[in-house]
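> quick one: sequence and predicted model below, then my questions.
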Amino acid sequence: MMLCVDSRIRDIATMPRGGPDASWLDRRLQTDRLEYLDRDDVDDLKHKVMDSLDRAGRRRGIGIHDKCVQMVLREVADVPAPRILELGAGLGGLSRKLLEKHPTAQVTVTDIEPAFVAGMAAGDLGSHPRATVREMDATEIDVPPGSYDLAVFALSLHHLPPELAARVFAAGTRAAKKLLIVDLPRPPAPLHIVLLAAVLPLIRISPLQHDGFISSLRAYSPAALRALGRHADPSITVEFRSRRGLGPTVAVASRSTRHRQPEGSGV
């Protein structure tokens, strides 16, 4: 049994970002290099990237915050007063827009970065009557099972190596009835090369493009997301809401009803 468990851990740790059956070329379009957002020695660059992402996310009509909110609303359309957990919230733009669009949603806004959490708590989210701001690790969600109707992890999963990404599936589907993951797409390898080549000249002059280039190499494919869910728990199913084209990968993970954990049980 121990050999079997060790083998599973080793397999998921070395799984390509394109999934277990990724092509030879796709396996070479990935990296372990960290983005500025993931480093502790470049605070100024980290904040520049986060501010740029937040500004882009807030653009009316085309920003990712509006798009993510529409995805969230579809997933909780049948819940009158949904309890929603946002993981990896950054500066809180998505939750802020969600509270604006849904008049009865209760939102817990979290991030693992203390500075981001402090900023949100000191602003409008910290004083909002339907919002709770907390520091929280998306891989270790310390709430009772089934505390939320939906957990949301947007544009963040690619930051994590496979072992930790699988733990997000386990923790998210334990804490909430459904886990909505929105992340960068992983294009077919030939197209991926073309897109990377277009961005490459900009990575030395733009912190945002630097992180975007690395993010693209670290993005998970749908096959990889299914494998992460299976590794986390065989009862987890992963359904995709992605549209054709180069839009974000959108996945909803949940545990089958008969395998859903009772209150007070562990992962």
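Arrived safely.
> contacts, neighbours, all on C-alpha from now
Will do.
> assign a three-state SS to F153, would you?
Three-state assignment for F153 (DSSP: H, G, I helix; E, B strand; the rest coil): strand.
> tell me the bridge partners for it.
Applying DSSP bridges to F153 gives these bridge partners: L87, I181.
> same question for T108.
L85, T132.
> so how far is E239 from it?
T108 sits 24 Å away from E239, going by Cα to Cα, to the nearest Å.
> poorly predicted segments of the stretch 101-250 of the chain, please.
244-246 (pLDDT under 70).
> change it to 90
242-247 (pLDDT under 90).
> before we move on, back to that, of T108 and E239, who's got more company?
T108 (20 against 15; other Cα atoms under 10 Å).
> so that one makes contact with P129?
No. T108 is not in contact with P129 according to Cα atoms under 8 Å; the separation is 11.2 Å.
> doesn't R218 make contact with R17?
Yes. Applying Cα under 8 Å, one finds R17 in contact with R218, separated by 6.4 Å.
> which parts of the chain are strands?
83-87, 106-111, 131-135, 148-154, 176-183, 236-240, 249-255 (DSSP state E).
> flag every buried residue along the last one.
Of the residues in strand 249-255, those buried under the neighbour-count criterion (16 or more other Cα atoms under 10 Å) are 249-255.
> elements contacting that strand?
For strand 249-255, the packing partners by 3 or more Cα pairs under 8 Å, 6 or more residues apart in numbering; DSSP states H and E come out as helix 162-175, strand 176-183, strand 236-240.
> how much space between L150 and D51?
26 Å.
> please disregard the earlier target; I meant M136.
Counting by Cα to Cα, the gap from M136 to D51 is 21 Å.
> who has more neighbours out of those two?
Taking neighbours as other Cα under 10 Å, M136 and D51 compare with M136 leading, 19 against 15.
> got a list of what the more buried one touches?
87, 110-112, 142 (Cα atoms under 8 Å, 6 or more residues apart in numbering).
> and those, which of them are buried?
Buried, going by 16+ other Cα under 10 Å: 87, 110-112, out of these.
> per-residue pLDDT, G266?
We note a pLDDT of 40 for G266 in this prediction.
> and what of I64?
I64 is given a pLDDT of 88.
> I'd assumed R55 was in contact with it.
No. Using Cα under 8 Å, I64 is not in contact with R55; the gap is 10.0 Å.
> thank you kindly, that will do.
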